[in-house]
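J.: The following comprises the amino acid sequence and a computationally predicted model.
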Amino acid sequence: GNSVTQMEGPVTLSEEAFLTINCTYTATGYPSLFWYVQYPGEGLQLLLKATKADDKGSNKGFEATYRKETTSFHLEKGSVQVSDSAVYFCALSDQAGGGNKLTFGTGTQLKVEL
Amino acid sequence: GAVVSQHPSWVICKSGTSVKIECRSLDFQATTMFWYRQFPKQSLMLMATSNEGSKATYEQGVEKDKFLINHASLTLSTLTVTSAHPEDSSFYICSPRQGGGGYTFGSGTRLTVV
């Protein structure tokens, strides 16, 4: 079946540091890949997505590239801010049927300090 | 757009009682509703998928008689945890989806059964 593996957190960084959150996946077919962010007390929000190999999703300074050869979708940001503190979830969409269900990773908590 | 309202945000109930969680899509019509639960430090696990006016499809291992899902309209779905027990304590998240549209999420309900 499909699965998503994320690096465990929490990740603690100083403001303006470089961020990488690793994500690898196992899937049949050709899934779409997503990064969601959950700020304290709020629902998950789509951060970025990529629908095919070599696509790069980007938003708010975050980027992730769909790497089919390494089955990865690592999240990066060049300079994090305190406001980026949140939990980040990597996910894939099953496009082989079944209502396009999302399969999530365990989430990685990011804490950015001044 | 794509505003989702999930209530309550947290609830404490006695063992053996039932709890209803509501999920409303405020500015769009949700043809499909996903319900997830999340245990601490684990990923979101899909419990069931429902389409408006149809019976929900439950994932393997999820008791349909315990977790009653009603998706009677395109803007409202409810999840009722019946005869709740401490092991049902978890974080429940709804995810309404417009046909062909993106995934949206409620802010979640923290259920504690004592």
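T.: Thanks, I have the structure now.
J.: after the helix or strand of chain A with the lowest mean pLDDT, next one along is what?
T.: Comparing every helix and strand of chain A by mean pLDDT, DSSP states H and E singles out strand A:102-104 as the least confident one, with a mean of 91. Tracing the chain C-terminally past strand A:102-104 and defining elements by DSSP states H and E, one meets strand A:108-113 next.
J.: how about the residues of chain B that lie near chain A?
T.: Along chain B, the residues adjacent to chain A under the rule C-beta under 8 Å from any C-beta of the partner chain are B:4, B:6, B:9, B:32, B:34, B:36, B:41-44, B:46, B:49, B:57, B:93, B:95, B:102-108. Backbone N, C-alpha and C define where each C-beta goes, glycine included.
J.: could you redo the last one with a cut-off of 6 Å?
T.: The interface of chain B toward chain A, taken as C-beta under 6 Å from any C-beta of the partner chain, is made up of B:Q42, B:S43, B:L44, B:L46, B:T49, B:F105, B:G106, B:S107.
J.: Just the buried ones from the residues you listed, in PyMOL syntax?
T.: One line in PyMOL is enough to select the buried ones among the residues of chain B next to chain A; burial here means 16 or more other C-beta atoms under 10 Å in any protein chain shown:
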select buried, chain B and resi 43+44+46+49+105+106+107
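J.: Put together CSV for the residues of chain B next to chain A, with pLDDT and secondary structure on each row.
T.: Rendered in CSV, the data for these read as follows (pLDDT from 0 to 100; DSSP: H, G, I helix; E, B strand; the rest coil):
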residue, pLDDT, secondary structure
B:Q42, 77, coil
B:S43, 82, coil
B:L44, 89, strand
B:L46, 92, strand
B:T49, 91, strand
B:F105, 90, coil
B:G106, 92, coil
B:S107, 90, coil
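J.: I'd like to know which of the residues of chain B next to chain A is nearest to B:H71.
T.: Within these, proximity to B:H71 (C-beta to C-beta) peaks at B:T49, which comes in at 9.6 Å.
J.: Do I have it right that the closest one meets B:Y58?
T.: No: at 8.3 Å, B:T49 and B:Y58 do not qualify as touching, with contact defined as C-beta atoms under 6 Å.
J.: what residues are shared contacts of these two?
T.: Residues within reach of B:T49 and of B:Y58 at once, by C-beta atoms under 6 Å, 6 or more residues apart in numbering or on different chains: there are none.
J.: Let me see the ranges of the strands in chain B.
T.: Here chain B has its strands, by DSSP state E, at B:4-7, B:10-13, B:19-25, B:32-38, B:44-51, B:57-58, B:67-70, B:76-81, B:90-97, B:109-113.
J.: Spit out the contact partners of the residue nearest to B:L76 when sequence neighbours are not counted.
T.: The spatially closest residue to B:L76, leaving aside those adjacent along the chain, is B:R24, at 5.3 Å (C-beta to C-beta, 6 or more residues apart in numbering or on different chains). Shown here is B:R24, whose contacts under the criterion C-beta under 6 Å, 6+ apart are B:S5, B:T75, B:L76.
J.: Show me which of these is closest to A:A86.
T.: Closest approach between these and A:A86, by C-beta to C-beta: B:S5, at 20.6 Å.
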